[in-house]
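Chemist: I'll drop the sequence and a predicted model, then ask my questions.
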Amino acid sequence: MSAPMRSSPPWADRRRSTSPSLSLNPARSIGSVCASSALPSLLSAPPRTASSSSRPWTASDSRRPPLASAPRLRSASQSPRTLQVLVEKSLLGWKEYELEVMRDMADNVVIICSIENIDPMGVHTGDSITVAPAQTLTDKEYQRLRDHSVAIIREIGVECGGSNVQFAVNPADGEVMVIEMNPRVSRSSALASKATGFPIAKMAAKLSVGYTLDQIPNDITKKTPASFEPSIDYVVTKIPRFAFEKFPGSEPILTTQMKSVGESMALGRTFQESFQKAVRSLETGFAGWGCAPIKELDWDWEKIKYSLRVPNPDRIHAVYAAFKKGMRVEDIHEISFIDKWFLTELKELVDVEQFLISKNLDQLSKDDFYQVKRRGFSDKQIAFATSSSESDVRARRSALGVTPTYKRVDTCAAEFEANTPYMYSSYEYECESAPTNRKKVLILGGGPNRIGQGIEFDYCCCHASFALREAGYETIMMNSNPETVSTDYDTSDRLYFEPLTVEDVTNVIDLERPDGIIVQYGGQTPLKLALPIQRHLEEKKLRSASGTGFVKIWGTSPDSIDAAEDRKRFNAILEELGIEQPKGGIARSESDALSIASEVGYPVVVRPSYVLGGRAMEIVYNDEKLIKYLATAVQVDPERPVLVDKYLNDAIEIDIDALADSVGNVVIGGIMEHIEQAGIHSGDSACSLPTRTVSTKCLDIIRSWTTKLAKRLNVCGLMNCQYAITPTGEVYLLEANPRASRTVPFVSKAIGHPLAKYASLIMSGVTLPELGFTKEVIPKHVSVKEAVLPFEKFQGCDILLGPEMRSTGEVMGIDYEFSGAFAKAQIAAGQILPVSGTVFVSLNDLTKRHLAEIGRGFRELGFNIIATSGTAKVLQLEGIPVEPVLKIHEGRPNARDMLKNGQIQVMVITSSGDDLDSRDGLQLRRLALAYKVPIITTVDGARATMDAIKSMKNKSIEILALQDYFQPADAPQKLPAAQVAP
């Protein structure tokens, strides 16, 4: 089935049945808003016709299970430390809500925000699409939940601060269940703070020192106290972002265990507008919901029904496919439990798409454009539906005078004027932005957190804002991530909470006309926008609002950034400078890849030409594996080439951050030595600063090459390079990124200099000598960075590290010795290292030559050793006492039994990569993870761990403040304002 083509606009039905006004402002209620609840039902389901490709779907094809059908185990765990479980009535299919509540010492209680999950109960709220304020509650139901929340926070005894109360409501009869109450600020507190403009954590801190809510002024209105409950006249949608592709073996199914790695948030005047903006803010390839050739449209009915029934990251796109194939609101609700109100809103978006498909671009009137844009459709979506280009749509829209207006978040539904410029876009007639004529800079953030692009980049954006504001610039932040400091309304002078797309960014540029735009600090997100923004600026020749020149991108030029990412251009630059890199080539077909691999010799590293976080990167050892990679991991063709490079066995990997100014000065910020060998993604590898084992000769080469490359690329700001050093001392450049990297916060804290602040000032025209930063700082202490990995949340995936990044965070340890710093980093990462007991050792054939060193090391520390047969024989030949143990497939008792019995305290396993290891080895590694037994999967990691255990046995861990590690002479200088501003 397919939905019929519409010749009249869907909004015509609404006009006839409601008011003649074209504005779709949400109707207000006390403390909440329903985006369209004041309007009657939208379009009834259009008549369906049978499709020639499949039989019609009927509701009898699938029936949902009854509500509250079975008990569930809430906290069952494989860990032996869990001694009890909680058995509760199942609430699957119930609607889920949460309220953010605050109370002060005078017993004043306010509800900050109500949040509703689009996904029904059964999905962790962090993994659900959520909407604020709640959309499907009547005022009576909302007041009921409000009263419950107030009673709960008082009964629990939260005397002051914030709390989060979660409820489930049975859609059949309205029965309410309290799910849980968190007597603290929670993850949802950040979302509620950004949604309302009410800073919950900040207010909680003030309450804790004795203030009452009526004594704290509202930062945004400057007139009302914090005891005024926020009231909002817009809708906020949060959508989580997932990374299941990084964890093969784990099923992409959403449960009560949170699995998302980030989220986007968007604000709009209606649910439809905010939802579409949130979808495109995710940066997963969608310009909005629908108007795209999504994979779900090719699915059969059974697969679509399964995706609707079983919560998964792409269920919302299965809803779209179901509507496109003719399924009704009632049918989808019957399978998915998603509330009919939300489904009806989404159905209208499909109807608008059908209307657009029936029109040519030049047939769309000004009124049509306003109605379509108010429903959140991007120019790119309109271009897809009307078979035109995005630039054509923008030109047509601009010619008709249809441009976005910007509304302010004011906490009071426009009752009082907002003094804080915290803005979101919509398509109405009154703009509240009021841009200034000051010298100003627009900083583009990183969008939703993801593996490979997280808060490290937000750190850089915030530091840029702080430094440039102090230097006299008006700072403007643009981002879509509610989890970050950059989207706090007081981090910058002005905040645009908007998607980071070409359309949305250029809209803000045209409005604000800043002196400069910073694209270096948000990771790959703004870098991908650099060239389109540059083309836009060249075409429009915008003069800055301050009148000092044209709007331009600050720092390293987009062309230089592209030169570093374009393999062909970059190779030519390295050849010109005499910089060595591993042998390799660009493959545009399977035969190309096989030919290159044959020429350079296996093993090879293969990856797409443009990658982030090591996406789809793999080490391949033979033709068979290479062919399989090309067939399953990536698409290789002339438009999407694959890089094939020689893999350097046993090489040491080096990370280096450098600063370069506009007059050619280059200073090394820090050189880090990875603890794991080259081949482990730099984001997953531990590293130390300063280096430990690298020769002075190699370090001199690295410094020289980095300086030459920064000058050749005309870098203005930060640059990160990665090198590999072979056991014979040969140095190779692996990659160069003329932008801020993940390591900038770590290096800045390790050396005591704020590199991101320095780089932002450099981009504004200040030189390195003017900053007083003219030589590399080599600290007397040692700093170790360690990755935090989320393997526990992804059942079934292996925990082995490789060239594809999987970590979701990192920690840092500092000490005057490497061993102490490494021990602190392990403890911070949740790895509790034992100082005695038994170590299980099993090394593959490639690493067995290191076995004697590891065995003797653990014996000297007082550990007993058990090992599988092959490893045990080598240890016995070396005269090292060892107890052989059976492999899992050899019988019992085996290593798995000993692990369960608590007889193993630490494990050292290097994978053989064969079928047996992918079965037995995987099972053993997952079991160690479940039982919280430290597991080390690299030889270098084992060496560092032995050093750390030795340090822990010999001395207690000393805790010092970060500032105590720096002498006054090492501290960064504070520049006079006149010296900073150009």
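Modeler: Everything's here; your move.
Chemist: how far away is the residue sitting nearest the centre point of the chain from residue 429?
Modeler: Centroid-nearest residue in the chain: residue 449, 1.6 Å away (criterion: C-alpha atoms, centre = their mean). Separation of residue 449 from residue 429 (C-beta to C-beta, to the nearest Å): 36 Å. The C-beta positions use only the backbone N, C-alpha and C, and glycine is treated the same way.
Chemist: likewise residue 155?
Modeler: As judged by C-beta to C-beta, residue 155 and residue 429 stand 48 Å apart.
Chemist: do residue 622 as well
Modeler: To residue 429, residue 622 is 65 Å away according to C-beta to C-beta.
Chemist: Which strands and helices lie in contact with the longest strand anywhere in the chain?
Modeler: Taking DSSP state E as the criterion, the chain has its longest strand at strand 666-677. The contact analysis (3 or more C-beta pairs under 8 Å, 6 or more residues apart in numbering; DSSP states H and E) places strand 666-677 against strand 652-660, strand 687-689, helix 696-712, helix 744-751, helix 939-954.
Chemist: Run me through the strand neighbours of it, direction for each.
Modeler: Partners of strand 666-677 in the sheet, by DSSP bridges, are strand 652-660 (antiparallel), strand 687-689 (antiparallel).
Chemist: Next, format those strands as JSON lines and append mean pLDDT.
Modeler: Listed next are the strands paired with strand 666-677 as JSON lines, based on pLDDT from 0 to 100:
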{"stretch": "strand 652-660", "mean pLDDT": "96"}
{"stretch": "strand 687-689", "mean pLDDT": "96"}
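Chemist: For residue 172, which of those is the nearest?
Modeler: With C-beta to C-beta as the criterion, residue 172 lies closest to strand 687-689 of the strands paired with strand 666-677, at 55.7 Å.
Chemist: got the buried residues for the closest one?
Modeler: 687-689 (16 or more other C-beta atoms under 10 Å).
Chemist: right, and the helices and strands packed on strand 666-677 - which one's nearest residue 116?
Modeler: Closest approach to residue 116 among the helices and strands packed on strand 666-677 (C-beta to C-beta): helix 744-751, 35.4 Å.
Chemist: Residues contacting the closest one, please?
Modeler: Residues outside helix 744-751 that contact it (C-beta atoms under 8 Å, 6 or more residues apart in numbering): 456, 459-460, 657, 669-670, 672, 689, 718, 720, 754-756, 777, 779, 783, 785, 810, 812, 814, 962, 970.
Chemist: among those residues, which are in helices?
Modeler: Mapping those onto helices (DSSP state H) picks out 456, 459-460, 755-756.
Chemist: Might you list the low-confidence residue ranges for the stretch 551-700 of the chain?
Modeler: 609-616, 633-639 (pLDDT under 70).
Chemist: So which residues of it form strands?
Modeler: With DSSP state E, counting those that start in this stretch, the ranges of strands along the stretch 551-700 of the chain come out as 552-553, 584-587, 604-608, 618-620, 642-646, 652-660, 666-677, 687-689.
Chemist: list the helices and strands the fifth one packs on?
Modeler: Spelled out, that is strand 642-646. Using 3+ C-beta pairs under 8 Å, 6+ apart, the elements in contact with strand 642-646 are strand 584-587, helix 590-600, strand 604-608.
Chemist: from the ones you listed, which stretch is densest packed?
Modeler: Stretch with highest mean neighbour count among those: strand 604-608 (a mean of 23; mean count of other C-beta atoms under 10 Å).
Chemist: Paired strands for that one, with orientation please.
Modeler: In the sheet, strand 604-608 lines up with strand 618-620 (antiparallel), strand 642-646 (antiparallel) (DSSP bridges).
Chemist: Out of the ones you listed, flag the one nearest residue 368.
Modeler: With C-beta to C-beta as the yardstick, what comes closest out of the strands paired with strand 604-608 is strand 642-646 (43.6 Å).
Chemist: how distant is the closest one from the center of its chain?
Modeler: 27 Å (C-alpha atoms, centre = their mean, to the nearest Å).
Chemist: quick one on the thing from earlier: let me know which of the strands paired with strand 604-608 is tucked in deepest.
Modeler: strand 642-646 (a mean of 22).
Chemist: okay, the angle between that strand and helix 590-600?
Modeler: Relative orientation of strand 642-646 versus helix 590-600 (axes from the mean of the first three to the mean of the last three C-alpha atoms, to 10 degrees): 10 degrees.
Chemist: what's strand 642-646 in contact with?
Modeler: So strand 642-646 is in contact with 567, 581-588, 593, 596-597, 600-601, 604-609, 630, 634, 636, going by C-beta under 8 Å, 6+ apart.
Chemist: Also stretch 854-867?
Modeler: Contacts to stretch 854-867, defined as C-beta under 8 Å, 6+ apart, come from residues 835-843, 875, 878, 880-885, 895, 898, 904-906, 908, 939, 942-943, 946, 949-950, 953.
Chemist: That stretch: which residues count as buried?
Modeler: Going by neighbour count (16+ other C-beta under 10 Å), the buried part of stretch 854-867 is 854-859, 861, 863-867.
Chemist: And stretch 688-698, by the same measure?
Modeler: Buried-residue list, stretch 688-698, by 16+ other C-beta under 10 Å: 688-691, 694, 698.
Chemist: Find me the pLDDT at residue 72, would you?
Modeler: Residue 72 carries a pLDDT score of 39 in this model.
Chemist: out of the buried residues of stretch 688-698, which one sits closest to residue 469?
Modeler: Residue 469 lies nearest to residue 689 out of those, by C-beta to C-beta, at 29.1 Å.
Chemist: what helices or strands is the one helix or strand residue 351 maps to leaning on?
Modeler: Residue 351 is located in helix 340-357, with elements delineated by DSSP states H and E. If contacts are counted by 3+ C-beta pairs under 8 Å, 6+ apart, helix 340-357 sits against helix 271-281, helix 315-324, helix 329-336, helix 366-373, helix 379-385.
Chemist: let's go with 6 Å and repeat that
Modeler: helix 271-281, helix 329-336, helix 379-385 (3 or more C-beta pairs under 6 Å, 6 or more residues apart in numbering; DSSP states H and E).
Chemist: Using a markdown table, lay out those helices together with mean neighbour count.
Modeler: Shown next, in a markdown table, are the helices and strands packed on helix 340-357 (neighbours: other C-beta atoms under 10 Å):
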| stretch | mean neighbour count |
| --- | --- |
| helix 271-281 | 27 |
| helix 329-336 | 20 |
| helix 379-385 | 24 |
